[in-house]
Every structure is written in C-alpha cells, then in structure tokens.
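Trainee: got a predicted structure here, sequence first:
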Amino acid sequence: MASVRFEDVWKRFGGVEAVRSLSLEIADGEFMVLVGPSGSGKTTALRMLAGLESVSDGSIYIGDRLVNKVAPRERDIAMVFQDYALYPQMTVFDNLAFGLRRRKVERAEISRRVREAAAMLGLEPFLERKPGQLSGGQAQRVALGRALVRDPQVFLMDEPLSNLDAKLRTQTRGEIRRLAQEVRTTTVYVTHDQVEAMTMGDRIAVMNDGVLEQVGTPEELYERPANRFVAGFIGSPAMSFLEPADVAGLGVDGLPGDLVVGVRPEHARVWREGLIGPLRGVVAYVESLGRETFVGVDVGDARLVVFEEGRAMYDVGDPIEFGLVGSGLRYFAPDGGAAKTL
Amino acid sequence: MTSRAEQTLGYTILGLFSIIALFPIVGIVLTSLQDPDGLAAFGTFDGLHFSNFADAWSEANFGTYLRSSVIVTTVVVVIAGVLSILAGYAFGQMRFRGATVLFYVFLLGLMVPMEAIIVPLYYDFREWGLTNTYWGLILPQIGTSVAFGTFWMRAFFRGVPRSLVEAARIDGASSWFTLWRVLLPLARPAVLTMTVLLFMWTWNEFLLALVMVSDEGLRTAPLGLSFFQGRNTSDLTLMAAGSVIVALPVVLLYVFLQRHFIRGMLAGAVKG
C-alpha cells in the first residue's frame, strides 16, 4: 500500500491542455474518486498515474518514489479498464494469473492467489471459461480479480461500471467498495457519474476543464461546494441557480441582490409560513418517482426544482406557489462562481 | 428488406458471374482428363484419362519446377510474414517519430509494379552474383510482400483495442511478449489470410523468374509451364494437365484455410 501525490502536474496534447496544474494528495488506503464531465482531464490524470501517458510537467509520487519516468510495469499498480480488456484467448484462470506469471511468482503461489481472488468474487465456477463465454457482470468481476490478485500498491479504475446495466451497476458499486475496504488498498477511481462518486468515495476530487475544482468528502462537497461548478455537478437532481436579475424580479425579502443563489431541490418546498417567499411560477415538468416528486418550475427566466414528498398532482402549465429554506441556500459570486457567505 | 424480385435478380447476377469465373477452370480440368489422341477441343469430354498428369509430370520436369516453387514460396512467405507482423505491430501500436512518412515509403512498395524495377534489379543482382540463384527470386519477393504484409497487419493491429495492450503493459508484459502471446492469437485470421495471399502471389510470380534464372533446375512452376507450352503447342491435354498441376497447391491451400480467409477478409474490411 502507498499514498499517491500529484504535484503541479500538467498534461499537454499538442496545444490542448488536458490537465492543468493538478495537485492532489491521496492517503494510504484511501478510496479517492476523480469525477467530472467528459473532457475534464480525470482519465488523463489516471493514465499519467498508470504510466500510460507521459507527464508534461510536474511530479507524480507513489509512496515516496517519483514515478514520472517509471515504466507502468515497474509502478506496482493494477488497473481496471472500462472495457475490461480481458485477454480473449485465455481462460479466466489464465487472465487472473497473467500478471503474476509475468512477475515470476511461483506456480503454487499463483494458484493459491488466483483461487483466493476467485472466491472473493464468486468466480470459481468460471475459471476454465474464456471471456467470450461470460456475461458482462462476470467479465467485470474478472477484470476486478485481475487487479486484486496482483496485490498492488494502488488500484486504478477507469469507469469500470459504465458498461453494466443499471441494476448490476448498483450491485457492483457496493461490491467494489466492500473489496476496497477489505484489502485496504489505495484506490483511484475515475467516473463521470456523481452518484458513483458520492456513494463510493472516501473523498472526491471534482475536475472540470483540466482543473481540480474541489477535493473533499462527499458531505463536504454537497454541503459546502467551493464554487458554482461543483454545486451544480454534485447532487441529483442538480442544484438550480437564481441570477441577481432573477432575484430582483422575484420581489421577496431574504435574498441578496448581488449574488447568485443556489437552491437544491430539497430547499424549495410548496409554500408555507417560515420559508422565504412566496415565489410564484409555472410547472414546466413533473418527475414523479413514487416516494418523492421533483417539479420543474419556471420563475421568470429561471427554472427551479421543487421537492415534494410522495406523489404530487400537477400538470404542466399549472401555477404553483412555493418558498425557499433559508438555511439551505448557497451563494456564489456572479463572476467566477466562487462560493460566498452572506 | 429486399423484395423477392430483388433477391432473384441478385442470385441471377451472382450465378452468371460464377459461371463466367468457373467456365475456363472447369474447361481446363475437363481438357486435362481427355484422350490425348482424340479430337481435342476446349471444354469437351470423352471419358477420363488420368495418365495425362503422369505424362505431363515426367515430360515437362514438373517435379523440379514444383520443388523450386515450394522452396522459393515457403522462404518468402515465412520471412515476409514474420517481418510484416513485426512492422505492422510497430506501425499499428507504437508511437514513434517519422512513423507516417515511413509508412508511406512502405506503401510505395505496393504501388510500384515489378515491371518498373525489373531491369535495374537484374543488373544489380548480376553484379552481386545473385542471378541464377534462389536468392535472386526470394529477396525481391520478400521486399514486395513485406510492403503489402505491413499494410495488412497494421490495419489489424490498429483495430485491436488499446486497452488490451495497456493492460498487458501494466501486468508486466514486454512489447515482444505482448505481440506474440497476447495479440497474435487474436490475429490468426488476419495472418492466415495474409499467408494465403502472399503464397498465391509468390507462387504465380512469372516475370521475375523469367528474368532472374536461366538454369532449368531453378525454374519455378509457372515459368516451367510456359516453357512446356512453348514446346507443346499442339498437345492441348498435356498443357491442361500441366496447368492443373501448377495451380493445385494454391487451390489446396485456399481450401484448407478458406474459413479463416473469409473471416480475415471481413476483419480487414471492417477495421481497416
């Protein structure tokens, strides 16, 4: 096991800056999720850590060792790829054993470790099968197993769940989390899915446009987003924003006139005393999940999402009167989007 | 959806072209089985005379010619095949300075016909003492085969998912190991298709053999067939029997490898 450290790391592809001045410390045994929209540089950062991309500038450390110029196989890492990258002509056993054989581990030891990993992942019945004869979920577990048997310093995972269907994804999410806790190996996990990030990460690093926007625990990111991007990216449905002009048009007390107001759905409720408001709008859409309902409401030029417990009976075009929970609101500078307090 | 009429039309056209393609081949085979003393006419039939093959074999020295062809073709296909796999791997999977320019140089080898280089090649080889040797046939054909083979294998290696190679790298495999143990098993259809094509082209090469060798013992089968034809313009059945003998190895190889061959062709078409 080892810690991982990015120090002012840059990656340039020709004229494009894919990663800009990334500094990030990942503690020994920590499960760190890199999350961001596509093109945010999260995968590039992971590939630099793996040694699959060169580092244009800056330093990457695994433990105390500077690895900028170290070949991937010398870094003692294991990676799980989005498309699994199983060797199609080899059996599951050989896939799992491949890395150990390349490292000249003894036969008996290989067999022991492969069987141990297979047992952890429920792969024993499939050891003699080829990847083509496996379901997506099984192939995914073989990919995990291949990383697991190696017992590396760091696990790297590049969107390992994105090829699974929704149900299997939820299930495997839990499984990866459980495995990581069991083996206590430092893990760097890349995803574009903020739900994955929130449910799996000890800490989350939010990236956007090559820049690290914020690092923190899921709770910190949700409760105290550093800027408007993080606020809008973390949380589902996303936070809505009222620009200063929108606020001026509302004509209610309790909102600042010079800041962007961020409102999470659970802080916009049907009107009752004690809320900031009332605000009046028109229903734009209704997303009813049974246990809860999210109502999209147009208020002037802005659109807010209003939360209601249970089913709510609205039709598109209905007028609606609602208010905001003052303590839940977040404020951002109109230019730059940095978080502000009142 | 294709309608019934479209389907019928399709089959009619395919059938027609099949007949056009097959007619001369069937004609040659039938002719080779005819009574040599009968009124030989192209494509007619009166009983089977397998003795024609034995006669052609002994009269025209096909044993020697076929041996030369087998030696030359085997050496060319094996060496060119291995070199093509290595070069294709480099062009398809590795990033290095000048890769594009170098690849175009290889492509040039595909575009220049043998006729264009045969005369200077002959003078060079005569100076180096390579005319009238197997090497005079083998070396130029390795050159032209590698041009095609590299192009072909590069297309395959480009189609291999990058992550597979990267996974092997992280798992501790060298480039060499990755090529032979991870990628080549997947490349089997592509390699077999390349083998059949190179075998066929090398086997049928005529001009180079005509120019480079004069020794009877070094002549390849197509060249031998041509000389045989020069001596036996009248004996159609023997000529046909000789042609069948010369063509047979290519046909046999194709029959054995055809399943892979077609798969390889498709793979090349989709990924290339």
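Mentor: On my side now, so go ahead.
Trainee: pLDDT value on residue A:14, please?
Mentor: Per-residue confidence at residue A:14 stands at 88 (pLDDT).
Trainee: okay, now it: neighbour count?
Mentor: 5 (other C-beta atoms under 10 Å in any protein chain shown). Yep, even glycine has a C-beta here, placed from its N, CA and C like the rest.
Trainee: tell me, what residue is most central in the chain?
Mentor: Answering for chain A, as no chain was given. The centre of chain A sits closest to residue A:197, judged by C-alpha atoms, centre = their mean, with a distance of 3.0 Å.
Trainee: my bad, the chain I had in mind was chain B
Mentor: residue B:200 (1.8 Å).
Trainee: quick check: phi and psi at that one.
Mentor: phi -60, psi -50 (degrees, to the nearest 10).
Trainee: so where's chain B shaky on pLDDT?
Mentor: Low-confidence segments of chain B (pLDDT under 70): B:1, B:38-47, B:233, B:261-272.
Trainee: try it again with 50
Mentor: Across chain B, residues meeting the criterion (pLDDT under 50) sit at B:268-272.
Trainee: around chain A, which positions in it sit nearby?
Mentor: Proximity of chain B to chain A, by C-beta under 8 Å from any C-beta of the partner chain, involves residues B:161, B:163-164, B:166-173, B:177, B:182, B:185-186.
Trainee: closest to residue A:193 among these?
Mentor: Of all the residues of chain B next to chain A, residue A:193 sits closest to residue B:163, with 19.4 Å by C-beta to C-beta.
Trainee: hang on, the earlier thing: right, and the residue nearest to the centre of chain B touches residue B:250 too?
Mentor: Yes - Residue B:200 is within contact range of residue B:250, at 5.1 Å (criterion: C-beta atoms under 8 Å).
Trainee: what's the distance between residue A:86 and chain B?
Mentor: The gap separating residue A:86 from chain B is 8 Å, by C-beta to the nearest C-beta, to the nearest Å.
Trainee: ok, and the closest non-adjacent residue to that residue?
Mentor: residue A:131 (4.0 Å; C-beta to C-beta, 6 or more residues apart in numbering or on different chains).
Trainee: kindly report the same for residue B:93.
Mentor: residue B:157 (5.1 Å).
Trainee: and that neighbour, what does it touch?
Mentor: Counting by C-beta atoms under 8 Å, 6 or more residues apart in numbering or on different chains, residue B:157 touches B:88-89, B:91-93, B:183, B:187.
Trainee: strands along the stretch 151-300 of chain A, start to end?
Mentor: Using DSSP state E, counting those that start in this stretch, the strands of the stretch 151-300 of chain A run over A:154-158, A:186-191, A:203-208, A:211-216, A:240-242, A:260-263, A:268-270, A:276-288, A:292-299.
Trainee: save those strands as TSV, and put in mean neighbour count, distance to chain B and mean pLDDT too.
Mentor: Formatted as TSV, the strands of the stretch 151-300 of chain A follow (neighbours: other C-beta atoms under 10 Å in any protein chain shown; distance: least, C-beta to the nearest C-beta, whole Å; pLDDT from 0 to 100):
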stretch	mean neighbour count	distance to chain B	mean pLDDT
strand A:154-158	25	8	95
strand A:186-191	26	13	96
strand A:203-208	24	21	96
strand A:211-216	20	24	96
strand A:240-242	22	38	93
strand A:260-263	22	38	94
strand A:268-270	21	43	92
strand A:276-288	17	36	91
strand A:292-299	20	37	93
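Trainee: to residue A:81, which of the ones you listed lies closest?
Mentor: strand A:154-158 (5.7 Å).
Trainee: which strands or helices does that closest one pack on?
Mentor: helix A:42-50, strand A:77-80, strand A:186-191 (3 or more C-beta pairs under 8 Å, 6 or more residues apart in numbering or on different chains; DSSP states H and E).
Trainee: buried ones in whichever helix or strand comes after the second one?
Mentor: Using DSSP states H and E, the helix or strand that follows strand A:77-80 towards the C-terminus is helix A:92-102. By neighbour count on 16 or more other C-beta atoms under 10 Å in any protein chain shown, the buried set for helix A:92-102 is A:92-93, A:95-100, A:102.
Trainee: and those near chain B, which?
Mentor: Residues of the buried residues of helix A:92-102 in contact with chain B (C-beta under 8 Å from any C-beta): A:98-99, A:102.
Trainee: so which of the buried residues of helix A:92-102 is the closest to residue A:4?
Mentor: Taking C-beta to C-beta as the measure, residue A:4 lies nearest residue A:99 of the buried residues of helix A:92-102, at 19.7 Å.
Trainee: what's the pLDDT at the closest one?
Mentor: 93.
Trainee: which phi and psi does the closest residue to it other than its chain neighbours have?
Mentor: Leaving out its chain neighbours, the residue that sits closest to residue A:99 by C-beta to C-beta, 6+ apart is residue B:171, at 3.8 Å. Phi and psi for residue B:171, reported as degrees, to the nearest 10, are phi -70, psi -10.
Trainee: repeat for the one 10 residues further on
Mentor: Listed backbone geometry of residue B:181 is phi -100, psi -30, with angles given as degrees, to the nearest 10.
Trainee: got it, and residue A:65?
Mentor: Reported as degrees, to the nearest 10, the phi and psi values for residue A:65 are phi -100, psi 130.
Trainee: how about residue B:243?
Mentor: Dihedral pair for residue B:243: phi -60, psi -40, per degrees, to the nearest 10.
Trainee: was I right about it contacting residue B:226?
Mentor: No - Residue B:243 is beyond contact range of residue B:226, at 10.6 Å (criterion: C-beta under 8 Å).
Trainee: just the buried positions in the longest helix along chain A, please.
Mentor: Assignment by DSSP state H gives helix A:166-183 as the longest helix of chain A. Buried positions in helix A:166-183, judged by neighbour count with 16+ other C-beta under 10 Å: A:168-169, A:172-173, A:175-177, A:179-180.
Trainee: got the contact list for residue B:252?
Mentor: Here residue B:252 is in contact with no residue (C-beta under 8 Å, 6+ apart).
Trainee: quick one: contacts of stretch A:220-232?
Mentor: Contact with stretch A:220-232 is made by A:198, A:204, A:206, A:208, A:213-214, A:216, A:234-235, A:238-239, A:241, A:260, A:262, A:330, A:332, A:336-339, as judged by C-beta under 8 Å, 6+ apart.
Trainee: element containing the residue nearest to residue B:93, please.
Mentor: Residue B:157 belongs to helix B:134-159 when elements are defined using DSSP H and E.
Trainee: helix or strand next in line after that helix, which one?
Mentor: For helix B:134-159, the succeeding helix or strand toward the C-terminus, using DSSP H and E, is helix B:162-170.
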